[in-house]
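A.B. asks: coordinates for the following, if possible.
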Amino acid sequence: MSSSSLKQRISSAFRDVGHDRPLPASVLSHLAALSASLRQSPTQLADAWEAHSLNKNVEALDDASLGGYRNALAKNAGVDAKAAATAATAASVDKKNLENVAVISGTGLGKRRPGGSSVTPSPMAKRANNAVVAASTATPAAGAAVNTPATAGDRQKQKQQRDGLSAVDGIATPKGAASPSKRQQPGSAASVITPPKSSAKKYADRTNAGKVVSSYNPNGLPTAAEVLASRTADERERAASRRGVTVSRHPAARHPESSFRHMFTPLEKRSVALEDRMKWMSDAICAEYNIKSEEEEMVECMDGVKGEESEFGTWMPVGLPKQNEVLCVGRICNEAHEGKLNGASIRLEGSRQHSSGARIHLDLKGLNQASDQRPPQSYSFFPGQIVAVEGINSSGRTMQASRILEGAPPPGETMAKSELLEHQYGAERQDGDPVSIVSMCGPYTTKDNLEYKPLEDAIVQILQDKPDVVVMCGPFVDQRQPLIAGGEPVIQDKDGKESKVSYEHLFAARISSLLEELYLEDPELKTQFVLVPSMDDAFLDAVYPQPPMEDKTPGVRAPKGAEGLFGDLGLRYVELAGREDDAKSVRSRRRVHCVSNPCTLRINDVTLGVTSTDVLFHVNSDSCNANLAPGTRLSRIAEHLLNQRSYYPLFPATKGVSLDLGRAEGWEMPVRPDVLITPSKLASFAKRVCDTTVVVNPGELTKNTTGGTYAVMDIHPMTREALEEKVSVKEEGASANDAPKDAEEMLEKGVQDRVRVDIKRI
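C.D. replies: Residues are numbered from 1 along each chain as shown. I've put the predicted structure just below:
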């Protein structure tokens, strides 16, 4: 392949994944060299860039971002980053050097590491080897004996020189011989060298604390702190004496409320759960788009009733041959049992009731072709997705798709005018002030210690800003943390004494104690905490849906100071902090709410959906899409959660996620949330999807050894005039008695237009 042809294919592949900016000539030359040396096709290079840009929040590939992308590409290809850089630098863009690159790629350096002499020694080993070669090739001096046996001192020097070899050089050691790096002696060359300092940034060295990295503010609203600063002294004093917001479980939610016996669901019940979800979503899609079957159309015709016409085809079971255009509803499956979903492996599975579980192949070529009626349709598929496909299935085995419906979101909520007035302008509620919600997600400590310094800084900021609600998503005790994964975490007390503790004790000492100190510092603080568990928490059941955390083991009472010895999390001391003598306040105003994962909450008039499982990353890792507008991939993935009416619509689930299909209703999305919080390792963002829902990814509070991000949401009230205005539902020509009495007071909440979201660095 010629150099210009390869570059054109690379440019085209990058445009297909949304990279609209032209690639610089130097970058394009480097990509051509990487393609040859690492044996990566232009499509693979573009896919790797798309994943890298999402993970690192990089918008364009240029000279500045090329190094990070090259390292990520080399890691995916199983090649050392320095080797990839060397190979790419050695290959320039002219024809002669491209031929040299082809010779290098023919040896398969990107896929295997040969042993023996082809292993590159470390710089220290090179110096040692050069000394040995110089000694062996030097001309003997006059009178010197040739082939004189080495003295004991010479042998010791040669041994020290061999000890200077790196661990990589041990790969070339003959079979049966010990590696030189394992025969180090005190005083040898390797043992006296100081190890290089880690280049990873430390949390204490961060310089961008408080910086806003992403924002959602379509109407230019001020922050809650700015609103409070504009109030008079009397208004601020009245605000401090208010009762606070109301946090409650949504009445329509069916999430688990307590621990349950999990992962004992028989195969038959799991099959029934999948079938029930298929029928439920099929009915929702047909109702949303007015799709009817042939039987329903015939009944309407016989009864002389002409219903509303649909712009879509007639519903038909999956796998039934038809020469005309029909519409089938089914579940997306991967034809291959392993590997990522792609355009050639997409299958549509029908229900057992109507289609006997038939599977057909989907031909998506028609979606990519533009016509006079409509442009190429964008699509995004993942395993487990329930979709409606319109097209022609003449053979019964393959459907030529012409249009896709990716689900139907749950209905939006309305609320009575009097209830909105009470929440937003009641003297004991908001009193015209915005509601401030902070959302953060674990891990809450860096990977190199168990001090939880980022969480301490977050608590200090909470004490200063005094938000109404703080949503804390796990993991609180991250089982992936190197110091926790060993099974016996060690912490230091105030006197510097180290002790091994249980996971529950670690939570009590690092999480509960911080919250307790917060309320001891300000007993009148109205901030409420919502604790959402995570499947990565070492002391909780790793099952989805996940029951709420329990403060202590039922029936066991541990004394203060012995938290964690009996499964005690120490959260009850947070409730008592600063108000031990005020039993009425303890009962009437909770400070900590332990909820399930996922959960659907009501905070005053706002419906909040939360899941701590990284569903965005899981769906992104196994999705197949095309024709997406630039910069819309993350929002499209977030739309899937609403269109599938599920907090985790992926099936089969990603490795490590234990779905209990016997509790499938526990991760259903009962209503359309006003705000959906989905923490993810992907780039943090806040976007509006499905018209009325704002999806927020606050990111993780820590990133390896440095700080991460958290989100601040300020939800402003409606104008009093809009709430007090008479809302009429009378249609033209209808009398006042035609409308229900209560219908006049129902309003849409419109949270998407009155919320401000700022994602900040800790």
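A.B. asks: send me stretch 351-359 as PDB with only the CA atoms.
C.D. replies: Written as PDB, here are the backbone C-alpha positions of stretch 351-359 (Å, rounded to 0.1, in the frame of the first residue of the first chain):
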ATOM      1  CA  SER A 351     -39.800 -13.300  22.500                       C
ATOM      2  CA  ARG A 352     -40.600 -16.900  23.300                       C
ATOM      3  CA  GLN A 353     -44.300 -16.100  23.400                       C
ATOM      4  CA  HIS A 354     -44.600 -14.700  19.800                       C
ATOM      5  CA  SER A 355     -41.400 -15.700  18.100                       C
ATOM      6  CA  SER A 356     -40.400 -18.900  19.900                       C
ATOM      7  CA  GLY A 357     -37.100 -17.200  20.700                       C
ATOM      8  CA  ALA A 358     -36.100 -17.000  17.000                       C
ATOM      9  CA  ARG A 359     -32.900 -15.100  16.100                       C
END
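A.B. asks: name the residues that touch that stretch?
C.D. replies: Around stretch 351-359, the neighbours that count as contacts under CB atoms under 8 Å, 6 or more residues apart in numbering are 271, 275, 278-279, 282, 317-320, 330, 333, 347-350. The C-beta positions use only the backbone N, C-alpha and C, and glycine is treated the same way.
A.B. asks: could you pull up the mean pLDDT of it?
C.D. replies: The average of the pLDDT scores along stretch 351-359 is 92.
A.B. asks: any idea how far it is from the middle of the chain?
C.D. replies: When C-alpha coordinates are averaged (CA atoms, centre = their mean, to the nearest Å), stretch 351-359 and its chain have centres 33 Å apart.
A.B. asks: that stretch: which residues count as buried?
C.D. replies: Buried residues in stretch 351-359, counted by 16 or more other CB atoms under 10 Å: 351, 354, 355, 357, 358, 359.
A.B. asks: what of stretch 335-352?
C.D. replies: Result for stretch 335-352 [16+ other CB under 10 Å]: buried residues 341, 343, 346, 347, 348, 349, 350, 351.
A.B. asks: sorry, back to before: pull out the buried members of the contacts of stretch 351-359.
C.D. replies: When the contacts of stretch 351-359 are checked for burial by 16+ other CB under 10 Å, the buried set is 278, 282, 317, 318, 319, 330, 333, 347, 348, 349, 350.
A.B. asks: and which of the residues you listed is nearest residue 598?
C.D. replies: Distances from the buried ones among the contacts of stretch 351-359 to residue 598 were compared by CB to CB; the smallest belongs to residue 278, at 20.8 Å.
A.B. asks: which elements pack onto the longest strand that the chain contains?
C.D. replies: Secondary structure of the chain per DSSP state E: the longest strand is strand 322-334. If contacts are counted by 3 or more CB pairs under 8 Å, 6 or more residues apart in numbering; DSSP states H and E, strand 322-334 sits against helix 267-289, strand 314-315, strand 346-349, strand 386-393.
A.B. asks: closest to residue 591 out of the ones you listed?
C.D. replies: Distance to residue 591, taken as CB to CB, is lowest for helix 267-289 among those, at 36.8 Å.
A.B. asks: buried residues in the closest one?
C.D. replies: By neighbour count, with 16+ other CB under 10 Å as the criterion, the buried positions of helix 267-289 are 272, 273, 274, 277, 278, 281, 282, 284, 285, 286.
A.B. asks: mind putting those residues in a markdown table, pLDDT included?
C.D. replies: Rendered in a markdown table, the data for those read as follows (pLDDT from 0 to 100):
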| residue | pLDDT |
| --- | --- |
| 272 | 94 |
| 273 | 94 |
| 274 | 95 |
| 277 | 95 |
| 278 | 94 |
| 281 | 95 |
| 282 | 94 |
| 284 | 94 |
| 285 | 94 |
| 286 | 93 |
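A.B. asks: what's the closest of these to residue 368?
C.D. replies: Checking those against residue 368 with CB to CB, the nearest one is residue 285 at 23.1 Å.
A.B. asks: is it true that the closest one touches residue 278?
C.D. replies: No - using CB atoms under 8 Å as the test, residue 285 is too far from residue 278 to be in contact (10.7 Å).
A.B. asks: what touches both of the two?
C.D. replies: residue 386.
A.B. asks: pLDDT weak spots in this structure?
C.D. replies: Scanning the chain for pLDDT under 70 picks out 1, 57, 78-200, 305-308, 372, 553-566, 726-744.
A.B. asks: still on that earlier bit, report the angle between the longest strand of the chain and strand 386-393.
C.D. replies: Counting by axes from the mean of the first three to the mean of the last three CA atoms, to 10 degrees, strand 322-334 points 140 degrees away from the direction of strand 386-393.
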